[in-house]
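[1] sequence and predicted structure below; questions after.
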Number of protein chains: 4
Amino acid sequence: MSRIITPLLTAFRRNGEVDYELMDALVEKIDSFHVDGIFPLGSTGVFPWLSYDERKRVLSIVREKTKTSIYAGIESSNIKEVIEYGKYARDLGCEYVVVTPPYYITPGPDEIGSFFRTALESIDLNVFIYNIPQFVGTSIPLQLVENLSRNFSNLAGVKDSSKDIRYFSRLISMPDRKIKVYQGQDDILLPSLVLGADGGVCGTSNISDAIVSVRDHFDNGEIKKASEIDINVINHFMDLLNSATFPSGYYYALYRSMGVDGGYRVPMIEPEDAVKKSIDRFLRDHELLPGNKR
Amino acid sequence: MSRIITPLLTAFRRNGEVDYELMDALVEKIDSFHVDGIFPLGSTGVFPWLSYDERKRVLSIVREKTKTSIYAGIESSNIKEVIEYGKYARDLGCEYVVVTPPYYITPGPDEIGSFFRTALESIDLNVFIYNIPQFVGTSIPLQLVENLSRNFSNLAGVKDSSKDIRYFSRLISMPDRKIKVYQGQDDILLPSLVLGADGGVCGTSNISDAIVSVRDHFDNGEIKKASEIDINVINHFMDLLNSATFPSGYYYALYRSMGVDGGYRVPMIEPEDAVKKSIDRFLRDHELLPGNKR
Amino acid sequence: MSRIITPLLTAFRRNGEVDYELMDALVEKIDSFHVDGIFPLGSTGVFPWLSYDERKRVLSIVREKTKTSIYAGIESSNIKEVIEYGKYARDLGCEYVVVTPPYYITPGPDEIGSFFRTALESIDLNVFIYNIPQFVGTSIPLQLVENLSRNFSNLAGVKDSSKDIRYFSRLISMPDRKIKVYQGQDDILLPSLVLGADGGVCGTSNISDAIVSVRDHFDNGEIKKASEIDINVINHFMDLLNSATFPSGYYYALYRSMGVDGGYRVPMIEPEDAVKKSIDRFLRDHELLPGNKR
Amino acid sequence: MSRIITPLLTAFRRNGEVDYELMDALVEKIDSFHVDGIFPLGSTGVFPWLSYDERKRVLSIVREKTKTSIYAGIESSNIKEVIEYGKYARDLGCEYVVVTPPYYITPGPDEIGSFFRTALESIDLNVFIYNIPQFVGTSIPLQLVENLSRNFSNLAGVKDSSKDIRYFSRLISMPDRKIKVYQGQDDILLPSLVLGADGGVCGTSNISDAIVSVRDHFDNGEIKKASEIDINVINHFMDLLNSATFPSGYYYALYRSMGVDGGYRVPMIEPEDAVKKSIDRFLRDHELLPGNKR
């Protein structure tokens, strides 16, 4: 049984401040989709644009609101901050934490190893490592994942958002694999499941439960049905969301689907009209607007 | 029913000359794997290193030897040469021709369009277009594929070797798709089939029929079995073949599997010893050496 | 008269803590090289690995120690943090602040514009913008630099570390240019000066004053002499420093040149022995070790 | 004294056929600019789009027409073709031949070495190797250039079109360098000369002699004047020429400057109107149209 985890968007007010009430409502909506976990403060949750205090408050709100597993994003290039957030997440009762390699100064393979080892040693909680080379500059070496997996019992898994299915399939085919492997791109979930993926971290599940259906059909052996939703709904939705600079399309679609007039924290910019209209049409056609929710 | 097509290696003698006798034997072996087509003079067939006369002779030898469908590689940056090879392939009785965008001088989207339009207008045969951005410098725009497909009834399909599963799935989900979409990477075949791919152009089928089994299991609804071969055999074999500069690993494995002491045309270089040993071990373990062929 | 600015290394103790005493000594040494400014907390100063408090303390120590102009690095993806550091730098009496585009989540051109506009509006000090696409993922658009320059009188200049001399020369040839343009790569300083650069931000000036000589010779019209030092000393030194993962080579060379046994904050790793030996040889040959300092 | 070499455009008629008469006139015009050599059949000369016979005829026409040194482009991925063109160029009396690494199938460092060694051994003429990673996929390793230079007395030099000034400066600072190093980008010529470049292969010299003036001023020690032309003329001209897909801007500007209605061989496409107007304006402002030629 594979898992769908929602990388939680961090809702904003028109003035760019975090809208904690809207986040409350969002967590409630996501819970109604029956996902298997919520991942606050990932890339879609724009962690690098939030302050220390905002990050803590988001975590605590989500923990209060939901009983589903929490995968707490504790990413930073500053290892001490990673460890501090990790302690905070554990004290809150989060089930997992998620760590990227250090970013901005592009790390080599050994630097990624040093960083992850320090995190795994210092954090008393199950850890997911997060591969996102488009933002970090390098991919986590497969050999390193294997080594860490042998040496740290609190390494719970890898989330891979690289879009590189070859890399992903090598994670899956790791010898004596004990760790979970999650796909980070909604529209690559189905091909990943057929390879043996343990689940996906799927941004569209902030707005729609279509990706949950893909997973359900696959788990029931209904490949054709899964493939149809993937090809006809997920691909198209992802293309629309990604037609504006990441992640503004997600935020626009979220606000529309919640019926609110939300905001865009600097440096995020509201998508242009053509993109907004296309997203509106998709949301209406798939009954994802407030008036017509299923 | 999806198709497996073999991108035929161009066998060489120790002195670097084409070994036409060995190619005869290779075509015979591939036919015994029950593939659905042979694609001579693709990238794996090192077309850019062959002369005009060698390319013609390879085509005619394959046509004489096999009754399976031939997808004739007629790639060149010189459009007149493409058209000339196209006529030659048609006169020989090949079923399809395969064309890349022009290369070396990186084409823009419009230049790719102009090139393909001229080819499709001038060649009186079914044409596959071949996406291989790692060698051409740009990907064939999805919109262009759609336009060509609407305007040219002799556009038979696309072979995509980009390794980009997102791009591939967009080819599959093209509205009112009438053209075939083939995966060009063996280890991405299975995820592609689940998305609805019409088949694969699979280099390992020069040496082993494992990829044919993956396809067979998938077509029979035995996803688990397909996935096991993919994960345990195909992934590993591809990694070994790609551990030397492309395509020398394929050539070494071919020569070993045929029990001959073949050669490497300039600029290709025989893989180093460590790579050779790993490939040897794989071939022995999977009974792909001459003495122990199944 | 062009300027040399030193991007200050942040010295560490063996245990990874900031070594403020060593930084004091380092600022004193750099002052003895007669550079025209010090830029603490840039990429070479590993700002992303430091805490909020460490960054403030580094700034205040440098300000106390030197009378040369300070270009305070106030980079963050969190715009509020940028503004807060900016106020701190102004209150300290720093002459300039330096801002990168937001990083990790790759910004588009408009997002960079929004971010810089907010920073320029909110910071009551002269601002340098810092182009470093290898870490940010995109280059600052030339058109944006021009627009900002027309609209913000506190935009003082651009530091370009892209290594792209074509981009750099377009900065230089901006119509009615009023802002300064500094080269961020030591070994590209001389070609930049000939194009009209206003100076360079040169990492090797933490260790050696060779780059100051290059500038002096150039300003005196002694191109040949400048070119000789560039070709024979700077190029070689840069290659050595960059032969380990950035910026560990700089740190090793710094510690050796100061005669101390310094440390490497996670995720930085001490260079391997071969690199260390090559750097040692260079330092000895150029009399940059403590015993033989000029 | 540094050299300017013109990478000759291959002029076409409206119908896409080579316009040998126009090439005659073009060679005459280029000779009037007092360049130091002509390089037919380079990238700007679109060699990959020409047939075997066309390439030979272009070479022989240029040889008949000019007494300046000829650097004959003999590029191919097929090493036998390289050697054959090399013999043809020698028999014609060309002074040099120019060879790229094999392309399309991306070569590794060793494959480039094998290819160049075979070419240098087999061609009885002075050879330039041509670094153009944007079209080949890899840069010629610096260590390989050094090795070839030690072992082949007929290696005359390197033309570097990589735009990478760091790479270029390492070519210049090669120990005991005996080979020539030429810059392949007009707008990087001046910074290259200050580093010690032996000259440039400059596409704008098909149309204008401005780049010859840059070189002349530099050689006379008039750096400021050289820099002014570079910044005010060359940069701008290059940006215009490159605002259409390479090399169509060069062809449009050529035809306009020669007062003819030339053509664009497939896959090249005439630039769009906005680009054409900008180029027209530049040509008029710099008196490069037929009526107002200096």
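    On my side now, so go ahead.
[2] residues touching A:Phe47, list them.
    Counting by CB atoms under 8 Å, 6 or more residues apart in numbering or on different chains, A:Phe47 touches A:10, A:41, A:55, A:73, A:75. (Each C-beta comes from the backbone N, C-alpha and C, glycine too.)
[3] now, these that are in helices?
    The helices, defined by DSSP state H, take in A:Arg55 from the contacts of A:Phe47.
[4] of the contacts of A:Phe47, closest to C:Glu21?
    A:Glu75 (32.2 Å; CB to CB).
[5] for the closest one, give me its contacts.
    A:41-42, A:47-48, A:82, A:98-100, A:130.
[6] and the residue lying closest to A:Val99 once chain neighbours are set aside, helix, strand or coil?
    Nearest residue to A:Val99, sequence neighbours excluded (CB to CB, 6 or more residues apart in numbering or on different chains): A:Ala119, at 5.2 Å. Three-state call for A:Ala119 (DSSP: H, G, I helix; E, B strand; the rest coil): helix.
[7] hang on, isn't A:Ala119 packed against A:Ile83?
    Yes. Using CB atoms under 8 Å, A:Ala119 makes contact with A:Ile83 at a distance of 6.9 Å.
[8] quick one, which of these two is more surrounded?
    Taking neighbours as other CB atoms under 10 Å in any protein chain shown, A:Ala119 and A:Ile83 compare with A:Ala119 leading, 24 against 18.
[9] shaky segments in chain A?
    Within chain A, the stretches with pLDDT under 70 are A:292-294.
[10] can you map out the helices along it?
    So, for chain A - with DSSP H - the helices run A:20-32, A:52-65, A:79-92, A:109-122, A:133-136, A:142-151, A:165-172, A:189-195, A:210-219, A:223-229, A:235-241, A:248-258, A:273-285.
[11] which one of those helices is the most hemmed in?
    Using mean count of other CB atoms under 10 Å in any protein chain shown, the stretch among those with the largest mean neighbour count is helix A:189-195, at a mean of 26.
[12] rewinding a little: which one of the contacts of A:Glu75 is nearest A:Thr204?
    A:Gly42 (13.9 Å).
[13] pretty sure that closest one is touching A:Tyr96, no?
    No. In this structure A:Gly42 lies outside contact range of A:Tyr96 using CB under 8 Å: 11.9 Å.
[14] now do the contacts for the residue in the stretch 151-294 of chain A that chain D sits nearest to.
    Going by CB to the nearest CB, chain D is nearest to A:Arg166 of the stretch 151-294 of chain A, at 16.8 Å. For A:Arg166, the contacting residues are B:163, B:185, B:187-188, by CB under 8 Å, 6+ apart.
[15] for A:Leu171, which non-adjacent residue is spatially closest?
    A:Val181 (4.7 Å).
[16] residues near the one you found, how many?
    Per other CB under 10 Å, the neighbour tally for A:Val181 reads 23.
[17] bridge partners for it, pull those for me.
    A:Val158 (DSSP bridges).
[18] hmm, A:Ile30 is touching A:Gly37, no?
    No. In this structure A:Ile30 lies outside contact range of A:Gly37 using CB under 8 Å: 9.9 Å.
[19] of the contacts of A:Phe47, which belong to strands?
    A:Gly73 (DSSP state E).
[20] can you pick out the most distant pair from the contacts of A:Phe47?
    Greatest spatial distance among the contacts of A:Phe47 (CB to CB): A:Thr10 and A:Glu75, at 13.4 Å.
[21] which neighbours do those two have in common?
    Counting by CB under 8 Å, 6+ apart, the residues touching both A:Thr10 and A:Glu75 are A:41, A:47.
[22] who's in contact with A:Tyr96?
    A:Tyr96 touches A:37, A:69-72, A:125-128, A:156, counting by CB under 8 Å, 6+ apart.
[23] just among the residues you listed, which is most surrounded?
    Compared across the contacts of A:Tyr96, A:Tyr71 has the highest neighbour count, 31 neighbours, by other CB under 10 Å.
[24] for A:Ile5, which non-adjacent residue is spatially closest?
    Nearest non-adjacent residue to A:Ile5 (CB to CB, 6+ apart): A:Gly37, at 3.9 Å.
[25] residue contacts, that neighbour?
    So A:Gly37 contacts A:3-6, A:68-71, A:95-96 (CB under 8 Å, 6+ apart).
[26] excluding residues flanking it in the chain, which one is nearest A:Asp230?
    Nearest non-adjacent residue to A:Asp230, counting by CB to CB, 6+ apart: A:Leu190, 4.6 Å away.
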